[in-house]
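>>> Any chance you could fold what I've pasted below:
(one chain, ligands or ions: 2)
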Amino acid sequence: MQKLSFKFSHTSTDYYLSQGMTYLKQVTDQKSTVLITDENVYNAHSRRFRGWNTIVLKPGEEFKIQATVDAVIESLVGMEAGRTTTLVGVGGGVVTDITGYVASIYLRGVRFGFVPTSLLAMVDASIGGKNGIDVGLFKNMVGLIRQPAFILHDMIFLNTLPQVEWENGFAEIIKHACIKDAAMFTELERNTLKTYQGKKKPVSELVLRNALLKTKLVQRDEFEKGERRLLNFGHTLGHALENQYELLHGQAISIGMTYACHLSEQLAGFKQAGRVVSVLEKYHLPTYASFNKRQVFDVMKMDKKRELKEMNYVLLNKIGKGIVKTISLKQLEKIIQEL
Ligand code: ADP
Ligand code: ZN
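Ligands and ions are numbered 1, 2, ... in the order given. Prediction:
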């Protein structure tokens, strides 16, 4: 496989999913490109950055904020980066989100692409064009939707990915299986983390399957008027938990998916919550957690997906079939308090 191209409303994105980072030179001119990465990725893979202009950020979600955006823009001005500059985010979801955001506003927009280095970024964060930053407790409060010019994968990066970040990525993979791909769900039930961490082929195939699943879903509904909302499965409660309890994103949405499964039992006749919870636990993700329901609900109400007194909540009809249901905040609060 050389290159796949996917058309979106304003651009098309080229996917190079089997070439590796050395191929980046064929995709973008080295002199007019600036790579943006974080300290962890840079320190573990400094060799791969040789010869490239690089901005290195501090790692972690707590730096996905406006101050980092300002600092990156200052560096770009210092480097005299102009309209023909390409920015390439080489890192996890934090790096790709910031890169996409800066590229969308710097000089009113320059070309950008991603080399996702975490499992989560490969299967989720780098795809779909959502970019932006957090504001206080609220995740992704500011940002826009703009598709990258290209996405390039190099599985070598996964060799240095910490165990907990593997688990983090599997939360989004399990999410994809729950909402859209029952066959993949069965595969995940049959396998374990070790299956994917052991050899190159199973993880490459899984990454490809998930990247394509998300890409096609986004293509059909780029601006989240309908079907794309399914990708928020586990996220409404998850985001509220993530900010208050300093969980990793994957851990937070895993708890969110657990609760969404039980809501689905009550509101959508779902009967397979036990299987979903088992798979989450199999991939070392948290499921039932005690949390301050009142407080979490208050943050959830502020979620950007709120629409007056009602909320669009993603539920499951069955494994592999997600649905969006409008629930009143009152009803939601009552059910969550009782769960
Ligand atoms: P996400 O989970 O959305 O990808 P981050 O960008 O915060 O979020 O990445 C998660 C963590 O994993 C960060 O600490 C990041 O520096 C680190 N990381 C990402 N890719 C690699 C890698 N290939 N090797 C080692 N650490 C990595
Ligand atoms: Zn997510």
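>>> which one is F150 nearest to, not counting chain neighbours?
G113 (4.0 Å; CB to CB, 6 or more residues apart in numbering). Any C-beta I mention is one placed from the backbone N, CA and C, and that applies to glycine too.
>>> On the three-state scheme, that neighbour is what?
At G113 the chain is in strand, as set by DSSP: H, G, I helix; E, B strand; the rest coil.
>>> Now that it has come up, it's in contact with T85, right?
No: using CB atoms under 8 Å as the test, G113 is too far from T85 to be in contact (11.9 Å).
>>> Which residue of these two possesses the greater neighbour count?
More crowded of G113 and T85, by other CB atoms under 10 Å: G113, with 27 against 22.
>>> Next, the contact list for that one, please.
Contacts were defined as CB atoms under 8 Å, 6 or more residues apart in numbering; by that measure G113 touches 27-28, 86-89, 148-152.
>>> which strand residues sit across from it in the sheet?
Per DSSP bridges, the residues bridged to G113 are V88, F150.
>>> One more: V324?
Counting by DSSP bridges, the residues bridging with V324 are V314.
>>> Tell me, how many residues neighbour it?
V324 has 15 nearby residues by other CB under 10 Å.
>>> Pretty sure it sits against N312.
Yes: when contacts are counted by CB under 8 Å, V324 is listed as touching N312 (5.3 Å).
>>> And the most centrally placed residue in the chain, what's its pLDDT?
The centroid of the chain falls nearest to A125 when counting by CA atoms, centre = their mean (2.8 Å). In the prediction, the pLDDT value recorded for A125 is 96.
>>> Just to check, it is in contact with L119?
No: here A125 does not reach L119: they are 10.1 Å apart, not a contact under CB under 8 Å.
>>> want to try a markdown table for the contacts of G113, with distance to A240 and neighbour count as columns?
As requested, those are exported to a markdown table (distance: CB to CB, whole Å; neighbours: other CB atoms under 10 Å):
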| residue | distance to A240 | neighbour count |
| --- | --- | --- |
| V27 | 38 | 19 |
| T28 | 38 | 21 |
| T86 | 36 | 20 |
| L87 | 31 | 26 |
| V88 | 33 | 29 |
| G89 | 27 | 33 |
| P148 | 29 | 27 |
| A149 | 34 | 18 |
| F150 | 34 | 22 |
| I151 | 30 | 26 |
| L152 | 34 | 26 |
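>>> out of those, who's near ligand 1?
When contact is defined as CB under 6 Å from any ligand atom, the contacts of G113 do not meet ligand 1 at all.
>>> What is the nearest of those residues to ligand 1?
G89 (9.3 Å; CB to the nearest ligand atom).
>>> can you tell me how far the closest one sits from M141?
Distance, G89 to M141, using CB to CB, to the nearest Å: 20 Å.
>>> related to what we said a few turns ago, give me the nearest residue to the residue nearest to the centre of the chain, chain neighbours excluded.
Nearest to A125 is G93, by CB to CB, 6+ apart, at 3.1 Å.
>>> Count the residues that sit near that neighbour.
Neighbours of G93 (other CB under 10 Å): 25.
>>> Repeat that for Q219.
16.
>>> Report the buried residues of whatever helix or strand it lives in.
Using DSSP states H and E, Q219 sits within helix 200-220. Applying a neighbour-count criterion of 16 or more other CB atoms under 10 Å, one finds 203-204, 206-215, 217-219 buried in helix 200-220.
>>> what about the helix or strand hosting K194 and ligand 1, touching?
Here K194, judged by DSSP H and E, is contained in helix 193-198. No: counting by CB under 6 Å from any ligand atom, ligand 1 is not contacted by helix 193-198; separation bottoms out at 13.1 Å.
>>> I'd say I323 and N312 touch.
No: contact between I323 and N312 fails when scored by CB under 8 Å: they sit 10.4 Å apart.
>>> Run through the residues that contact the closest residue to W166 other than its chain neighbours.
In space, and not counting its chain neighbours, W166 is closest to L119: 5.8 Å by CB to CB, 6+ apart. Contacts for L119 (CB under 8 Å, 6+ apart) come out as 158, 161, 165-166, 168-170, 173, 203, 207.
>>> pLDDT (mean, whole number) over whichever strand or helix holds C178?
C178 belongs to helix 163-180 when assigned by DSSP H and E. The pLDDT scores in helix 163-180 average 98.
>>> quick one: what helix or strand has A81 in it?
Using DSSP H and E, no helix or strand contains A81.
>>> give me the number of residues near it?
21.
>>> ok, it - contacts?
Applying CB under 8 Å, 6+ apart, the residues near A81 are 34, 106, 110.
>>> One more: T99?
T99 sits in contact with 36, 87-89, 112, 114, 131, where contact means CB under 8 Å, 6+ apart.
>>> I'd like those as a markdown table, with distance to V299 appended.
Shown next, in a markdown table, are those (distance: CB to CB, whole Å):
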| residue | distance to V299 |
| --- | --- |
| I36 | 30 |
| L87 | 32 |
| V88 | 34 |
| G89 | 28 |
| F112 | 31 |
| F114 | 29 |
| N131 | 22 |
